[in-house]
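J.: Quick one: sequence and predicted model below, then my questions.
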Amino acid sequence: MTSPDRTPPHIAETTADVRAAVIANQRAGKTIGFVPTMGALHPGHVSLMTRARQECDVVVTSIFVNPTQFGPNEDFQKYPRPRELDLKICGEAGCDIIFYPSVEVMYPAGFRTFVEVEGLSDILEGAIRPGHFRGVATVVTKLFMIVGADRAYFGQKDYQQQLIIRTMARELNIPTEVVTCPTLRDPDGMAMSSRNAYLSAEERQRGLCLSRALVAVSQSLAAGERDLSRLEATLIEQLSASSGVELDYGVIVDADTLAPLTSVASEMVALVAARVGTTRLIDNMLLKLPE
Ligand code: PAF
């Protein structure tokens, strides 16, 4: 909860406004933490804001449903936009500045500059959602340049996204440190996501096979299984155990590069994606070999 004496967040709708607010704080010697979001905020987002609050003097959150990261048949139009509730959540989480731009502010007429992280953007999620990561990398580059934060906070839930953003920031020499924070889960194990709101109670039950599959693999690894194909078989078996779940992929890959593996490695990540009804769910788990 916000303490009663905390000033409500400043809401900036233009780049000039958010820049001025950030610069005023930087001139006062304050560090800036940034949490980029598409709104429809849930406790996972709040945990990113809380971490930013702990590590930085000033917290900036952006709320922008980015059209360039949605495919033509995806849910851009129906993506939830609960403005008042989101602003309240940001205030309660201790945000100081909220950047709430329109599509025209972020993409003025004639916009034609895009950022692409080759080799990472077109595999896994990128193969299923062509153009998605080009949209993400472009908007995050713009947001990083506009906000000029010291650190930016992302959830591990979107594993490939955080890796692409990390790579993009490093290779473009953007001086914002990318911080990846743990996935927040509901008590039933489901990774928190704004899109979970689309699921009926029955679909949600079916969707639990994603987190169960990841737990099964990590337990199998902990129990001593070192055969990669058997670990992957466990993943697929669990994902296929639930009817009405259409599997897109279930793989165990190198945690740093997402490259396929031929045998177990010290740092791996299991990535899963499936459709339940019309909703796409993704989840992942880092798998480390004991030293
Ligand atoms: O993860 C999200 O919410 C979005 O992909 C992001 C990083 C805010 C870019 O639009």
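T.: Okay, I see it.
J.: The ligand contacts on the stretch 151-291 of the chain?
T.: Within the stretch 151-291 of the chain, the positions lying close to the ligand (Cβ under 6 Å from any ligand atom) are 158, 161. All C-beta spots, glycine's among them, are computed from the backbone N, C-alpha and C.
J.: redo that, cut-off 5 Å
T.: Taking Cβ under 5 Å from any ligand atom, no part of the stretch 151-291 of the chain reaches the ligand.
J.: what's the next secondary structure element after the helix or strand harbouring residue 219?
T.: Taking DSSP states H and E as the definition, residue 219 sits inside helix 201-222. Using DSSP H and E, the helix or strand that follows helix 201-222 in sequence is helix 228-240.
J.: Can you tell me what sits against whichever helix or strand comes after that next one?
T.: Beyond helix 228-240 on the C-terminal side, the first helix or strand identified by DSSP H and E is strand 245-254. Outside strand 245-254, the residues that touch it by Cβ atoms under 8 Å, 6 or more residues apart in numbering are 124, 128, 206-207, 209, 213, 217, 228, 231-232, 235-236, 239-240, 259-261, 265, 267-276, 280, 287.
J.: Let's see that with 7 Å instead.
T.: For strand 245-254, the surrounding residues in contact (Cβ atoms under 7 Å, 6 or more residues apart in numbering) are 124, 128, 206, 209, 213, 228, 231-232, 235-236, 239-240, 259-261, 265, 268-276, 287.
J.: what do you get for stretch 179-187?
T.: 43-44, 47-48, 51, 151-157, 162, 191-192, 211.
J.: quick one: buried residues of it?
T.: Neighbour-count burial for stretch 179-187, counted by 16 or more other Cβ atoms under 10 Å, picks out 179-181, 183-184.
J.: Over to stretch 113-129?
T.: 115-117, 120-126, 129.
J.: got these as JSON lines, with pLDDT columns?
T.: Below are the buried residues of stretch 113-129 laid out as JSON lines (pLDDT from 0 to 100):
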{"residue": "115", "pLDDT": "98"}
{"residue": "116", "pLDDT": "98"}
{"residue": "117", "pLDDT": "98"}
{"residue": "120", "pLDDT": "98"}
{"residue": "121", "pLDDT": "97"}
{"residue": "122", "pLDDT": "97"}
{"residue": "123", "pLDDT": "98"}
{"residue": "124", "pLDDT": "98"}
{"residue": "125", "pLDDT": "98"}
{"residue": "126", "pLDDT": "98"}
{"residue": "129", "pLDDT": "97"}
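J.: Tell me the confidence at the residue most central in space within the chain?
T.: Centroid-nearest residue in the chain: residue 158, 4.0 Å away (criterion: Cα atoms, centre = their mean). Looking at residue 158, its pLDDT stands at 98.
J.: and the gap between the residue lying closest to it once chain neighbours are set aside and the ligand?
T.: Distance criterion Cβ to Cβ, 6 or more residues apart in numbering; nearest residue to residue 158, sequence neighbours excluded, is residue 282 at 7.2 Å. Remark: distance between residue 282 and the ligand (Cβ to the nearest ligand atom, to the nearest Å) = 11 Å.
J.: Looking at residue 246 now. What's its pLDDT?
T.: pLDDT at residue 246 comes out at 96.
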